[in-house]
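S.K.: requesting a structural model of the entry that follows:
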Amino acid sequence: MSWTDERVELLKKMWGEGQSASQIAKELGGVTRNAVIGKVHRLGLSNRATKTDTKPKAEAKPKPAPKPKAAAKPAAPKPEPKPEPVATAPAKPAMSPARKAIIPAGQPLPPQPSANEISPEALAKVSEIEKSAKKLTLMELTERTCKWPVGDPATDDFWFCGLPVQAGKPYCEAHVGVAFQPMSARRDRKR
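M.R.: Numbering: from 1, shown residues only. The predicted model follows:
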């Protein structure tokens, strides 16, 4: 479908009459609503301000009536004190365990696990393994190589372990011991 002069004139006429883009597309045939809207923008046609100006004027007259209603709405600040008791009330400990994971905006995050919570044996094992690591680049990794990153990615000293992975895991045995801790160890952490 091409935009012939006749089709453009029909588009302009129907747009000026206040027809919707869907109605114009149906009348023209072989063109979508979005194509009509695009052509209207490319032609720089008005947003039908003359027709919408009459509607807001008609709507503006009833608007003064809702203004007194809006004056009744300033009583809404009374509910504002209600959120304070909710925020200070100890309702959060009563939440289900699944809800505890959601932290409201502006609240501090709970303590995150750190390296000192990992067993010293696991850390010693990782140190020994990293001495014998293959030190692969990102492009050298395969599904059979350990993908544990070592170092700062912004430096040239950054590399991946590269040792054979443990079955079903992305890391070697030593790095699995650090990455995947038993549930009881995570549950018993001090908060």
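S.K.: thought K125 was touching H175?
M.R.: No. K125 is beyond contact range of H175, at 9.2 Å (criterion: CB atoms under 8 Å). For the C-beta atoms, the positions are set from N, CA and C on the backbone; glycine is no exception.
S.K.: looking at these two now, which is surrounded by more residues?
M.R.: H175 (26 against 16; other CB atoms under 10 Å).
S.K.: where's the more buried one, which helix or strand?
M.R.: Element membership for H175, per DSSP states H and E: helix 173-179.
S.K.: where does the prediction get shaky in the chain?
M.R.: 1, 48-118, 182-191 (pLDDT under 70).
S.K.: so Y171 sits against T145, correct?
M.R.: No. Using CB under 8 Å, Y171 is not in contact with T145, being 9.7 Å away.
S.K.: with only the CA atoms kept, save stretch 155-171 in PDB.
M.R.: Provided in PDB are the C-alpha atoms of stretch 155-171 (Å, rounded to 0.1, in the frame of the first residue of the first chain):
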ATOM      1  CA  THR A 155      42.400  -5.500  35.800                       C
ATOM      2  CA  ASP A 156      44.600  -7.800  33.700                       C
ATOM      3  CA  ASP A 157      45.000 -10.100  36.700                       C
ATOM      4  CA  PHE A 158      41.400 -11.300  36.400                       C
ATOM      5  CA  TRP A 159      40.900 -15.000  35.600                       C
ATOM      6  CA  PHE A 160      38.600 -18.000  36.100                       C
ATOM      7  CA  CYS A 161      39.500 -21.200  38.000                       C
ATOM      8  CA  GLY A 162      39.100 -23.600  35.000                       C
ATOM      9  CA  LEU A 163      39.500 -26.800  37.000                       C
ATOM     10  CA  PRO A 164      37.000 -29.700  36.200                       C
ATOM     11  CA  VAL A 165      33.500 -28.900  37.500                       C
ATOM     12  CA  GLN A 166      31.600 -31.000  40.000                       C
ATOM     13  CA  ALA A 167      28.600 -32.900  38.400                       C
ATOM     14  CA  GLY A 168      25.600 -30.600  38.000                       C
ATOM     15  CA  LYS A 169      27.400 -27.500  39.300                       C
ATOM     16  CA  PRO A 170      29.200 -24.600  37.600                       C
ATOM     17  CA  TYR A 171      32.300 -24.800  40.000                       C
END
